[in-house]
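Sequence below, structure please.
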Amino acid sequence: MGYVIFYIEAYLACFFLLGIILFKIQHGVNKQLSQVYLGNLTFVTMLYFLAEVFWAIVDGGIISTTRQMLYLSNIFTYVLLSIAAYQWFLLSEAIQNDKAVENDPGKLLLSIPVWFSTILCVTAYRTGLAYYVDDAGKLVNGKLYVILIIVPFGYMIAASVKAFYRAFAKDKYAERSIYFTIGFFPIAPIVMGLLQAIIWRVPLLCYGAVAAIFYIYTSIQDSLISLDPLTQINNRTQMYKYLTQKMRNAEPGLSLFLLMVDVDNFKSINDAFGHVEGDRALVRISNAIKNACQGPRNRFFVSRYGGDEFIIVAEMAYRAEATWLAEQIRTNVRRITSDNNLKYSVSVSVGIAQYDFAEPISIQSFIARADSDLYKQKKLSAG
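Numbers count the residues shown, from 1 in each chain. Predicted structure coming up:
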């Protein structure tokens with residue numbers, strides 16, 4: 001009985017902390033799918049905290065500890081924990097732009113373990129497969145109790161494993177930081193959850209869950225500040241910060257290059273097909289640029305400079321590599337028309353500037369050199 005007040009206070013405190021985050025999410029301007037799933041995760045986790053409070057009230061004997069109450073309190077906790085873990089898996093896939101979580105059939109398929117766990121909990125009163133109340137009036141784990149643990153932790157572990165796998169994939173180098181963020185997210189709730197499973201009357205899981213949700217919430221907010229809202233690549237401010245850092249210190253054996261990419265005749269796309277289609281074209285072009293900048297040995301920073309201009313900051317050994325990258329970008333962009341059956345052609349021009357650490361110049365001068373080379377390339381193409 002002595003633990004009950006402390007247990008309830010801990011879960012209610014965490015409940016109100018998540019309530020603040022949920023309020024900020026619901027009243028924020030970001031309505032992307034990842035933000036929607038984060039709101040769902042936060043809401044379900046808050047319900048789970050209330051279920052833990054109810055469990056403590058029953059377990060501590062504050063209300064009549066009947067057989068029915070014991071079953072009911074455990075149904076709420078296990079089912080809501082599984083749903084919360086499922087919501088996290090959806091969130092992690094949405095952040096990584098996995099299309100499976102954007103349609104109902106895909107989400108239904110992914111939710112099968114939750115349904116199975118729920119059925120085990122609801123039918124436990126009669127089957128005793130998940131848990132049962134013995135003759136002494138105590139709850140005892142059933143033969144399939146382990147499934148109630150595997151399901152929530154399985155979702156979180158699966159999300160982490162997928163994220164870390166993608167982080168080390170050769171073609172996902174440029175998005176590695178995002179995958180690491182997702183991979184490390186479940187560590188706190190998993191560790192705290194395992195500890196609470198061992199010391200099950202000490203409220204540890206709530207702290208791990210709040211820490212994890214706060215971590216992913218702040219990470220998403222940081223991305224809003226650093227990413228271009230349309231193309232979801234780095235914005236101009238982040239490019240300036242990154243370039244400032246790189247211009248201060250030379251990497252041994254590598255040269256610093258700046259590639260400026262400009263969409264050819266972009267105004268004609270807007271005029272003929274509208275600004276909505278123009279925005280779609282920019283998104284496709286940004287994806288084509290990102291794809292060209294993937295690879296295990298590459299050190300590329302891709303950003304939108306403004307309008308129809310993009311800048312790539314690259315560290316490479318030779319100028320020939322920068323020239324090859326520029327050609328790869330042009331090739332990828334040219335494919336957009338055929339790959340998407342567009343009624344218009346898409347092409348870009350690329351200007352290249354190499355930084356001389358022996359004769360430092362300002363960022364604007366460095367960009368101006370790339371812009372000057374871009375102008376030359378456009379004249380050559382027109383001629």
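
What strand or helix carries Phe301?
strand 300-306 (DSSP states H and E).

just for the stretch 51-200 of the chain, where's the confidence low?
Applying pLDDT under 70 to the stretch 51-200 of the chain flags residues 169-177.

show me where it has strands.
Assigned by DSSP state E, counting those that start in this stretch, the strands in the stretch 51-200 of the chain fall at 131-133, 139-141.

Confirm Gln232 sits in a helix?
No: going by DSSP: H, G, I helix; E, B strand; the rest coil, the assignment for Gln232 is coil, not a helix.

Just give the nearest non-adjacent residue to it, would you?
Nearest non-adjacent residue to Gln232, counting by C-beta to C-beta, 6 or more residues apart in numbering: Ser286, 7.6 Å away. Every residue, glycine included, has its C-beta placed from N, CA and C.

Secondary structure element holding the one you found?
Per DSSP H and E, Ser286 falls inside helix 275-292.

Format the CA atom coordinates belonging to that helix as CSV.
Only the C-alpha atoms of helix 275-292 are listed here, as CSV (Å, rounded to 0.1, in the frame of the first residue of the first chain):
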residue,chain,number,x,y,z
HIS,A,275,2.5,27.2,-59.2
VAL,A,276,1.2,23.9,-57.6
GLU,A,277,2.8,21.9,-60.4
GLY,A,278,5.9,24.2,-60.1
ASP,A,279,6.1,23.2,-56.4
ARG,A,280,5.8,19.5,-57.4
ALA,A,281,8.7,20.0,-59.8
LEU,A,282,10.9,21.5,-57.1
VAL,A,283,10.2,18.6,-54.8
ARG,A,284,11.1,16.1,-57.6
ILE,A,285,14.2,18.0,-58.4
SER,A,286,15.3,18.1,-54.8
ASN,A,287,14.9,14.3,-54.6
ALA,A,288,16.9,13.9,-57.7
ILE,A,289,19.7,16.0,-56.2
LYS,A,290,19.6,14.0,-53.0
ASN,A,291,19.8,10.7,-54.9
ALA,A,292,22.9,12.0,-56.7
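
From the chain's centroid, how far away is the strand holding Phe301?
20 Å (C-alpha atoms, centre = their mean, to the nearest Å).

Ok, stretch 263-270 next?
32 Å.

buried ones in it?
Buried positions in stretch 263-270, judged by neighbour count with 16 or more other C-beta atoms under 10 Å: 263-264, 266, 269.

farthest pair in these?
Pairwise distances across the buried residues of stretch 263-270 (C-beta to C-beta) peak at 9.8 Å, for the pair Asp264 and Ile269.

can you count the residues close to Leu91?
By the criterion of other C-beta atoms under 10 Å, Leu91 has 27 neighbours.

Check the gap between it and Ala159 for me.
The gap separating Leu91 from Ala159 is 8 Å, by C-beta to C-beta, to the nearest Å.

cool, and Ala10?
Distance, Ala10 to Ala159, by C-beta to C-beta: 26 Å.

again, but for Asp308
36 Å.

So between the two, which is more surrounded?
Ala159 (23 against 20).

ok, back up a step: inside strands: which ones of the buried residues of stretch 263-270?
Members of the buried residues of stretch 263-270 lying in strands (criterion: DSSP state E): Val263.

how about JSON lines for the buried residues of stretch 263-270, with pLDDT and distance to Ser338 added?
Formatted as JSON lines, those follow (pLDDT from 0 to 100; distance: C-beta to C-beta, whole Å):
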{"residue": "Val263", "pLDDT": "95", "distance to Ser338": "17"}
{"residue": "Asp264", "pLDDT": "93", "distance to Ser338": "17"}
{"residue": "Phe266", "pLDDT": "93", "distance to Ser338": "19"}
{"residue": "Ile269", "pLDDT": "93", "distance to Ser338": "16"}
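
so can I have CSV of the buried residues of stretch 263-270 showing distance to Tyr78?
Converted to CSV, the buried residues of stretch 263-270 look like this (distance: C-beta to C-beta, whole Å):
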residue, distance to Tyr78
Val263, 53
Asp264, 58
Phe266, 55
Ile269, 54
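
List the contacts of the spatially most central residue of the chain.
Nearest to the geometric centre of the chain sits Ile95, at 3.1 Å (C-alpha atoms, centre = their mean). Contacts for Ile95 (C-beta atoms under 8 Å, 6 or more residues apart in numbering) come out as 34, 178, 182, 220.

swap in Lys107?
Lys107 neighbours (C-beta under 8 Å, 6+ apart): 90, 100-101.

Could you pull out the buried residues of stretch 34-53?
34-46, 48-49, 51-53.

Tell me which of those fall in helices.
34-46, 48-49, 51-53 (DSSP state H).

Comparing the strands of the stretch 51-200 of the chain, which comes out most buried?
Most buried of the strands of the stretch 51-200 of the chain, by mean neighbour count (mean count of other C-beta atoms under 10 Å): strand 131-133, with a mean of 20.

from the chain's centre, how far out does that strand sit?
Using C-alpha atoms, centre = their mean, the offset of strand 131-133 from its chain centre is 39 Å.

can you list contacts of it?
By C-beta under 8 Å, 6+ apart, the residues outside strand 131-133 that reach it are 67, 70-71, 74, 124, 139-142, 145.

mind listing what it pairs with, with the direction of each?
Applying DSSP bridges, strand 131-133 is found paired with strand 139-141 (antiparallel).

Most neighbours among the contacts of Ile95, which one?
Most surrounded of these: other C-beta under 10 Å gives Ile182, at 23 neighbours.

Quick check, that one in contact with Ser160.
Yes: when contacts are counted by C-beta atoms under 8 Å, Ile182 is listed as touching Ser160 (7.3 Å).

Could you report the neighbour count for Arg248?
Arg248 has 9 nearby residues by other C-beta under 10 Å.

so what pLDDT did it get?
Arg248 carries a pLDDT value of 90.

Tell me how far it lies from Leu256.
From Arg248 to Leu256 the distance is 10 Å (C-beta to C-beta).
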